[in-house]
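Participant: Here's my sequence, what's the structure:
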Amino acid sequence: MEKIKEILIERGYPEKQATTVAIDLLDIDKQLQGLLHDWLENEKETDCQVAGFKLSELKHKFDMTYPAALLTMDWLIKEPELAAKSINQGIK
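Facilitator: The predicted structure is shown next:
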């Protein structure tokens, strides 16, 4: 977790937010772990689609960082109906 937190801080996250996001990223679905690894190692941002939503579109539409968009995709995998409803309402 500390390594992820340090990378997040290096890439602009405030320390408190980096801690929270790092904890969440540790529990990311196995389908997304490779994408996370690529981003952590070399800032590669690979697009993917879950439940009809593209990561790149979420990032752009909601002005998300790549880790935030990955966590949103994780939410779509784990709670598809609730996540899709929230996204369609503008993520509240």
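
Participant: Now do the helices in the protein.
Facilitator: 2-10, 15-26, 30-42, 55-61, 66-78, 80-88 (DSSP state H).

Participant: Buried residues of the fifth one, list them for me.
Facilitator: If you call a residue buried by 16 or more other Cβ atoms under 10 Å, then helix 66-78 has these buried ones: Tyr66, Pro67, Ala68, Ala69, Leu70, Leu71, Thr72, Met73, Asp74, Trp75, Leu76. To be clear about C-beta, it is placed using only N, CA and C from the backbone, and glycine gets the same treatment.

Participant: In this model Lys16 seems to touch Lys5, though I could be wrong.
Facilitator: No: assessed by Cβ atoms under 8 Å, Lys5 is found out of contact with Lys16, at 10.3 Å.

Participant: neighbour-wise, which of these two wins?
Facilitator: Lys5 (19 against 8; other Cβ atoms under 10 Å).

Participant: any idea how far Gln33 is from Lys61?
Facilitator: Going from Gln33 to Lys61 by Cβ to Cβ, to the nearest Å gives 24 Å.

Participant: re earlier: most packed of the helices of the chain?
Facilitator: helix 66-78 (a mean of 20; mean count of other Cβ atoms under 10 Å).

Participant: Since that was my last question, I'll sign off now.
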